[in-house]
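# Below is the sequence, then the predicted model.
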Protein chains: 2
Amino acid sequence: MDVEVINFEEKFEKIKELHSYKVIAQMNNYYFKLVKAKREFIWHQHPETDEVFVVIDGKLIIELKDKTFTLKKGEMVVIPKGVEHKPSSKEETKILLIEPIGTVNTGNARGDLTDTNLEWI
Amino acid sequence: MDVEVINFEEKFEKIKELHSYKVIAQMNNYYFKLVKAKREFIWHQHPETDEVFVVIDGKLIIELKDKTFTLKKGEMVVIPKGVEHKPSSKEETKILLIEPIGTVNTGNARGDLTDTNLEWI
């Protein structure tokens, strides 16, 4: 049993690269992942699961087919399974993702931006 | 489909009472719950699930049988299933809990502090 306090900012200090997802915690079969993002991502959806985005710092734009919203620090959203979405960040943004182990960042879309190389920090 | 940005501080402004758990989001079969706490809770464990505590503001002390730690703003912990723990807060503390729907706050212990009256805000 290894119970440890996780400090989001301290974990982010360990992340040097953009767009590299790092696992910081596991709850049952879910991973808590951090990513620093500054890019326009691709349209995709996750056919099998909802997905949670929490903004730790910066601004995260999420486009849906019928609306667009911007999340700032201290805000979260649940993207329901099967819902097409396109996240993007114009400035470097620190994001906490919560989703089942095995969820792929690009969902059904796959492609060059697919990242299945998950490291724990 | 109802996708909405959730702002933690705005949700906390709607919570007037201490120790009243409010649901703010659902991800698959998990609830995201907020609570304002200022009390010494009871020893308990959840035999069926891990549990996540995130401190949005204040200080949360969690005692385990073999150690005690204090979480502050921007910190989280995963309490593994079956692990006895006792949360407490000396000052009013804003906590985000993530756990499966149906998880009872007092786990295996039940008693006067059990709260199964979950309201969405």
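Looks like it arrived, so ask away.

# for whichever helix or strand residue A:36 is part of, packing partners?
Using DSSP states H and E, residue A:36 falls within strand A:30-37. Other elements packing on strand A:30-37 under the criterion 3 or more CB pairs under 8 Å, 6 or more residues apart in numbering or on different chains; DSSP states H and E are helix A:8-13, strand A:22-27, strand A:93-100. No exception for glycine: its C-beta is placed from N, CA and C like everyone else's.

# Present these as CSV; the columns should include mean pLDDT and mean neighbour count.
Below are the helices and strands packed on strand A:30-37 laid out as CSV (pLDDT from 0 to 100; neighbours: other CB atoms under 10 Å in any protein chain shown):
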stretch, mean pLDDT, mean neighbour count
helix A:8-13, 98, 15
strand A:22-27, 98, 19
strand A:93-100, 98, 21
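
# can I get the CA coordinates of stretch A:26-36 in PDB?
Output in PDB follows, covering the C-alpha atoms of stretch A:26-36 (Å, rounded to 0.1, in the frame of the first residue of the first chain):
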ATOM      1  CA  GLN A  26      -4.900   5.400 -10.300                       C
ATOM      2  CA  MET A  27      -8.400   5.100  -8.800                       C
ATOM      3  CA  ASN A  28      -9.800   1.600  -9.400                       C
ATOM      4  CA  ASN A  29      -9.500   1.200 -13.200                       C
ATOM      5  CA  TYR A  30      -9.200   5.000 -13.900                       C
ATOM      6  CA  TYR A  31      -6.000   7.000 -14.500                       C
ATOM      7  CA  PHE A  32      -5.400  10.600 -13.500                       C
ATOM      8  CA  LYS A  33      -3.200  12.100 -16.100                       C
ATOM      9  CA  LEU A  34      -1.500  15.400 -16.500                       C
ATOM     10  CA  VAL A  35      -0.600  17.100 -19.800                       C
ATOM     11  CA  LYS A  36       0.800  20.500 -20.800                       C
END
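
# what sits up against it?
A:6, A:8, A:11-12, A:15, A:17-25, A:56, A:92-101, A:103, A:118, A:121, B:30, B:49-52, B:76, B:78, B:81, B:98, B:100 (CB atoms under 8 Å, 6 or more residues apart in numbering or on different chains).
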